[in-house]
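Enquirer: Can you look at this prediction? I've put the sequence above it.
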Amino acid sequence: MSGRPIIASTQGFERDVTRWILRGYTVLAFTFLLLPIAIIVLMSFSNQRYMGFPPPGWTLHWYEAVREQPRWLTATINSFCIGIPTALLAIVFGTLAALGIARGDVRFRKFLLLLMMAPMMLPHVIIAIGLYPTLVDMRLQDSYIAVIIGHTVIGVPLVFITVTASLRSYPASLDLAARTLGAGTWQAFRRVTLPMIWVGIVSGGLLAFATSFDELMLALFLTSPGTETLPRLIWDQLSFALSPTLAAVATLILVLSVLLQGFAVYLGARRSALKRAQP
Amino acid sequence: MSDVKGFAELRFDGVAKRYGEIVALHPTHLVIQPGEVFALLGPSGSGKTTLLGMAAGFVSPTEGRILVNGQDITRMPPERRNIGMVFQNYSLFPFLTVAANVAFPLEMRKHPKAEIVPRVRQMLAMVRLEHLADRLPAELSGGQQQRVALARAAVYNPSVLLMDEPLGALDKNLREEMQDEIKRFHAQFGATVIYVTHDQHEAAFMADRIAILNHGRIEQAGPQSELYERPNNAFVAGFLGEANLLHVTAYAAGEAGSRSVATQEGLRLVVSGAVQTGRMVCIRPANITLSPAPLSYANTFAGKVVDLVHAADSIRYRVQLNDQCQISVRVTSRRADARFEKGQEVYAQWEPEDVLLMEN
C-alpha cells in the first residue's frame, strides 16, 4: 500500500482538460443564472414604453413612476407587514420543533421529522386551497392574519431545517454539561443552546422572510386589495402591460435581496468561525 | 441552589433501566465511599454509562433509588444535585474563554463577582493554566482542554465528581500524563469520584476500587488486586489481565489434604486447599514458569513451544501441553536460560495457589 494520493497518478494533460471543462461549465451555469437578472436591471433604465432588449436609450423615468404610484409603496409595506410577523412566528415554532425532535425524548422521531418537512413538499396551491375556506369561515380573509398564517406554514420547515442543522453541529453533551454545572432548563437554553444555534435561527428567519416576500400563490388566495403583497401586485400589473416599471420594481427587490443575502453570508462566516472553536 | 453539600457517600440502591424489552442495566446495588475513586470498567454497552447518567440525572432509573449521603436524589434534576461531570469530549463552551467557562457554574449559583474572580484564578492555578485564562477553548490542546473541564467541574466543590472516559480522546503518552495530573488533582482536592473507562490499566492506576460491568450487570467489584487475584468468573479474569481459562470436570482429594481438579482439556491440576468449588479455573500467563528441565512445582507439564511474540517488556509463548490444550506464558526475564525457541521442548510449571477457581 503506498500512501500516494490517487490523483497524482492522473496525467497532467488529462488534469488540464478536466479543469477546463469544469471552468467552462461553471461559466455557463453562472451566465444562465445571472444573465436574466442583468437584463432586467438594464431594462429598468430603458427609455422605451415596453420591455424590449437591448434598450435604445436610458432614463430613470420608470423609477419615478414607481415612486408616483402609491400602490407600489402600499404593497411594499404590506409585504413587510406580512413577512416580518411570518419570520418571527416561523422562528418560534420552527425552533421549538427542532429542539423537541433533535434533543427531546420523543417517539417516532423520523415520522415527526417528515411531518415537519411536509409543507415544503406540498404545492403551495394545495395549501392555499386547504386554507382558503377555513380562513373565510373565520372571516379572516381580508386581514393580514390570513396570509401570515399561510406563509408561516411554509416558513416553519425552513427554520426547522436550519436550527436542526445547528443543533447537529455540536454535541448534546454541551447542553448536559450546562445542566450538571447548575443551569436549569431555561438557563441552559439561554446561556448555552441559544449562543450555539442563534445563527441557525436567524438564517432560518431570513429564509422565511424572503420566502414570504417572494410568495405569489398563497398571496393570490389569501390577500385582498387592502393587503396585497408585491408579488401579487406585480402579477396584476403583468396581466395589464409589460411596462418597464415592473423591471424597476424587480431591480429594487433585487437590491433588497442582495442586502439580505449579504447579511446571511456574514452570519454564515461567523458560524464557521464558531465551528472552528469546537474541539 | 444546591441541595447536596460536602464529601459524599453515593449509594445506588437497586437501580435498573429498561427501554421497553431492552435492559440497559439490571437491578444494581453499589456503595461508593466518601473520597473514594471508583472506576466503572467494561466494554461499550455494558451499562457503565447508564449508571453514570443516573448519577448525573440524565437517565431516570425505571426502578431503585440513588442516595447521596442518605438523601434521595433519584428524581432531582441535574442542576440541583451538586454533582460535577467531566465529559469525554470536554464539552467546554466554545464561545466562552477558559476563565468564563470555569466561572459558569459559580454564576449559575449566583456567587458575587468579587468571589468568582479569585476562585476561578485559584482553580486554574491548580490545573496550571492561569496563563491561558483569556484564551478560547479551540486555542488549547486536548490535554489543556480536559484540564479546564476538570477545573470547571470542581470549582463549586461538588459532592461527587463523575468522569466519563475523560482521557478517551487523548493519545497514549498524553493520557498517561493526564492520569498523573488527575491523581495529583484528586490528592489535593479530595472529592468522591466515579471514573468510567474501558481501559483496564487506567482503571487500575486511577481507582481505589473497580466494578467490572458486562451486559448491564456488575460482574464483580473490589480493589484491583482482589479482582486480579480472585476473579469471580471468566469474564472478570479475561477482562482484567490475561488469562488461561480451563473447564473443570471433576474434583478429587489428594495426599496431605491437597486437592486436585480434572479439566475438560485433559489436565489434572493440584489446587490450593483454600478453594472449595468452581466450574472454571484461570492461570495467569505471568505466573507460569518455563524451564528446559522440570523444577519442583506441584503442577508441572511437558510441552512444546508453538509460537512466540516479543512485546515491549516481555516475551509471550504459546505452549502446546497436549492435543486439546495450548496455554499462554509470559516471561519477563531477559536471562539467556529463560529464552526458548519455536519447537523447543519445555516444562510449564506453576504452584497450586496460581490456579484460580471461579464459579463460571
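Expert: Everything's here; your move. These numbers come from a predicted model, not from an experiment.
Enquirer: Once you drop chain neighbours, what's closest to residue 127?
Expert: I went with chain A, as the question did not name one. Nearest residue to residue A:127, sequence neighbours excluded (C-beta to C-beta, 6 or more residues apart in numbering or on different chains): residue A:153, at 6.0 Å. C-beta: built from backbone N, CA, C; applies to glycine.
Enquirer: that's the wrong chain, I meant chain B
Expert: For residue B:127, the nearest residue in space outside its immediate sequence neighbours is residue B:147; the separation is 4.0 Å by C-beta to C-beta, 6+ apart.
Enquirer: now swap in residue A:224 and tell me
Expert: In space, residue A:224 comes closest to residue A:142 once its chain neighbours are excluded; the distance is 4.6 Å by C-beta to C-beta, 6+ apart.
Enquirer: What is the burial count for the residue nearest to residue A:127?
Expert: Neighbour count of residue A:153, defined by other C-beta atoms under 10 Å in any protein chain shown: 22.
Enquirer: was I right about it contacting residue A:128?
Expert: No - when contacts are counted by C-beta atoms under 8 Å, residue A:153 is not listed as touching residue A:128 (9.9 Å).
Enquirer: burial of residue B:264, as a residue count?
Expert: Residue B:264 sits with 13 neighbouring residues when counted by other C-beta under 10 Å.
Enquirer: I'd like to know how far it sits from chain A.
Expert: Computed as C-beta to the nearest C-beta, to the nearest Å, the residue B:264 to chain A distance reads 43 Å.
Enquirer: contacting residues for residue B:155?
Expert: B:102, B:103, B:105, B:106, B:119, B:120, B:123 (C-beta atoms under 8 Å, 6 or more residues apart in numbering or on different chains).
Enquirer: Below-threshold pLDDT in chain B: ranges please.
Expert: Residues of chain B that meet the criterion pLDDT under 70 lie in B:1-6, B:254-257, B:273-276.
Enquirer: Residues touching the top helix by length along chain B, excluding its own?
Expert: Within chain B, and with DSSP state H defining each element, the longest helix by residue count is helix B:172-189. Contacts of helix B:172-189 from elsewhere in the structure, counted by C-beta under 8 Å, 6+ apart, are B:37, B:126-127, B:142-143, B:146-147, B:150, B:154, B:163, B:166-167, B:170, B:193, B:202, B:205-206.
Enquirer: Which elements pack onto the helix or strand that contains the residue nearest to residue A:127?
Expert: Assigned by DSSP states H and E, residue A:153 falls within helix A:144-168. Using 3 or more C-beta pairs under 8 Å, 6 or more residues apart in numbering or on different chains; DSSP states H and E as the contact criterion, the elements in contact with helix A:144-168 are helix A:70-103, helix A:109-121, helix A:124-137, helix A:194-214, helix A:217-222.
Enquirer: highest average neighbour count across these?
Expert: Using mean count of other C-beta atoms under 10 Å in any protein chain shown, the stretch among those with the greatest mean number of neighbours is helix A:217-222 (a mean of 23).
Enquirer: Could you list the residues of the stretch 151-279 of chain A in contact with chain B?
Expert: If contacts are counted using C-beta under 8 Å from any C-beta of the partner chain, the residues of the stretch 151-279 of chain A sitting beside chain B are A:170-171, A:173-174, A:176-185, A:187-188, A:191-192, A:195-196, A:274, A:276-279.
Enquirer: Quick one, which of these are buried?
Expert: Neighbour counting over those (16 or more other C-beta atoms under 10 Å in any protein chain shown) leaves A:170-171, A:173-174, A:176-184, A:187-188, A:191-192, A:196, A:274, A:277, A:279 as the buried ones.
Enquirer: among the residues you listed, which are in helices?
Expert: Checked against DSSP H, these include these in helices: A:173, A:174, A:176, A:177, A:178, A:179, A:180, A:187, A:188, A:196, A:274.
Enquirer: got a list of what the third one touches?
Expert: It refers to residue A:176. Contacts of residue A:176 (C-beta under 8 Å, 6+ apart): B:56, B:58, B:78, B:85, B:87, B:91.
Enquirer: For it, give me the pLDDT.
Expert: With respect to pLDDT, residue A:176 scores 93.
Enquirer: Please report how far the closest residue to residue A:94 other than its chain neighbours lies from residue A:202.
Expert: Residue nearest to residue A:94 in three dimensions, not counting chain neighbours: residue A:159, with 2.7 Å by C-beta to C-beta, 6+ apart. Here residue A:159 is placed at a distance of 10 Å from residue A:202 (C-beta to C-beta, to the nearest Å).
Enquirer: Please consider this matter closed, and thank you.
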